[in-house]
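Colleague: coordinates only, sequence not included:
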């Protein structure tokens with residue numbers, strides 16, 4: 001059963017910019033629109049969680065992608081499990097892949113930084129990254145930022161979960177990696193930490209999030225129903241639509257299978 005209520009709150013201009021997303025949600029649930037004068041962010045509430053997006057000129061791009069994700073139907077997945085070339089991160093992705101629905105284990109051992117952006121931009125349900133990172137992106141795969149990912153996108157990802165340091169922290173100038181992912185239209189929601197994290201904590205988080213994806217199909221439902229403790233999720237922030245659907249596009253699975261046919265596998 002879909003969540004029955006979704007709320008958007010922002011300035012009049014911001015509300016106009018996200019109208020495609022409002023219309024997409026209105027097809028399946030009650031929508032409440034609240035205009036707030038001169039608000040610097042747009043807030044989206046649904047499923048017991050709140051996602052925020054900066055009131056930036058790219059809001060319309062985000063709204064179009066998030067609306068496309070909202071209209072998706074079907075089971076959760078495919079889910080890409082990503083890891084930098086690091087033993088601990090690789091094991092974290094492997095563990096999560098055994099729990100995630102329709103998993104795609106694409107660590108740096110089998111996917112290069114040159115090939116990753118186009119591989120991820122095929123309309124996946126979700127991506128989960130393990131490894132080091134910073135406010136501008138992931139350290140793995142030779143360094144990945146939002147512009148690189150968005151530039152290679154064919155269809156948006158439902159949600160991106162960055163289990164790394166600083167992904168939701170703003171640099172001295174500009175927006176965080178999570179905010180840039182959402183504003184670029186790359187995904188409907190992005191979740192990451194605003195501070196430093198530990199590998200052990202993120203490894204547990206990744207497994208619990210993927211376990212929750214078996215039974216829940218939106219970003220908010222996965223975050224709220226995972227067995228991860230509140231303490232382990234402290235400092236993480238949700239950017240974008242909390243009711244982002246984690247179902248892939250109709251062509252995502254076939255595209256992923258074609259990509260994996262070219263993987264090098266040990267004999």
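Modeller: Done, it's in. Not measured: the values here are computed from a predicted model.
Colleague: contacts, neighbours, all on C-alpha from now
Modeller: Noted.
Colleague: neighbouring contacts of the helix or strand where residue 200 lies?
Modeller: Following DSSP states H and E, the helix or strand that holds residue 200 is helix 199-213. Outside helix 199-213, the residues within contact range by C-alpha atoms under 8 Å, 6 or more residues apart in numbering are 76, 88-89, 92-93, 95-97, 99-101, 128, 130-131, 163-164, 222-223, 225-228, 232-233.
Colleague: Now restrict these to buried residues only.
Modeller: 76, 88-89, 92-93, 95-97, 99-101, 128, 130-131, 163-164, 222-223, 226, 228, 233 (16 or more other C-alpha atoms under 10 Å).
Colleague: So which of the residues you listed are in helices?
Modeller: 88-89, 92-93, 95-97, 222-223 (DSSP state H).
Colleague: Give me the nearest residue to residue 18, chain neighbours excluded.
Modeller: residue 63 (4.9 Å; C-alpha to C-alpha, 6 or more residues apart in numbering).
Colleague: my read is the one you found is in a helix, agree?
Modeller: Yes - according to DSSP: H, G, I helix; E, B strand; the rest coil, residue 63 belongs to a helix.
Colleague: Neighbours of it, how many?
Modeller: Residues lying near residue 63 (other C-alpha atoms under 10 Å) number 26.
Colleague: and it, what pLDDT?
Modeller: On pLDDT, residue 63 comes in at 98.
Colleague: and residue 107, what is it in contact with?
Modeller: Counted by C-alpha under 8 Å, 6+ apart, residue 107 has contacts 81-85, 90, 93.
Colleague: at 10 Å instead, please
Modeller: For residue 107, the contacting residues are 80-86, 89-91, 93-94, 116, 129-130, 140-141, by C-alpha atoms under 10 Å, 6 or more residues apart in numbering.
Colleague: Show me which of those residues are buried.
Modeller: Buried among those by 16+ other C-alpha under 10 Å: 80-86, 89-90, 93-94, 116, 129-130, 140-141.
Colleague: So what does residue 24 look like in phi/psi?
Modeller: phi -70, psi -40 (degrees, to the nearest 10).
Colleague: can you count the residues close to the residue nearest to it when sequence neighbours are not counted?
Modeller: Excluding its sequence neighbours, the residue lying closest to residue 24 (C-alpha to C-alpha, 6+ apart) is residue 67, at 5.5 Å. Residues within reach of residue 67, counting by other C-alpha under 10 Å, total 22.
Colleague: So which elements touch the strand or helix carrying residue 67?
Modeller: Assessed by DSSP H and E, residue 67 sits inside helix 59-70. Here helix 59-70 touches helix 12-17, helix 19-26, strand 157-163, helix 177-183, strand 187-193, strand 236-240, going by 3 or more C-alpha pairs under 10 Å, 6 or more residues apart in numbering; DSSP states H and E.
Colleague: Nearest to residue 136, out of these?
Modeller: helix 177-183 (4.9 Å; C-alpha to C-alpha).
Colleague: What ranges in the stretch 151-267 of the chain fall below the confidence cut-off?
Modeller: Scanning the stretch 151-267 of the chain for pLDDT under 70 picks out 229-232, 264-267.
Colleague: Roughly how far does the residue nearest to residue 18 sit from residue 55?
Modeller: 12 Å (C-alpha to C-alpha, to the nearest Å).
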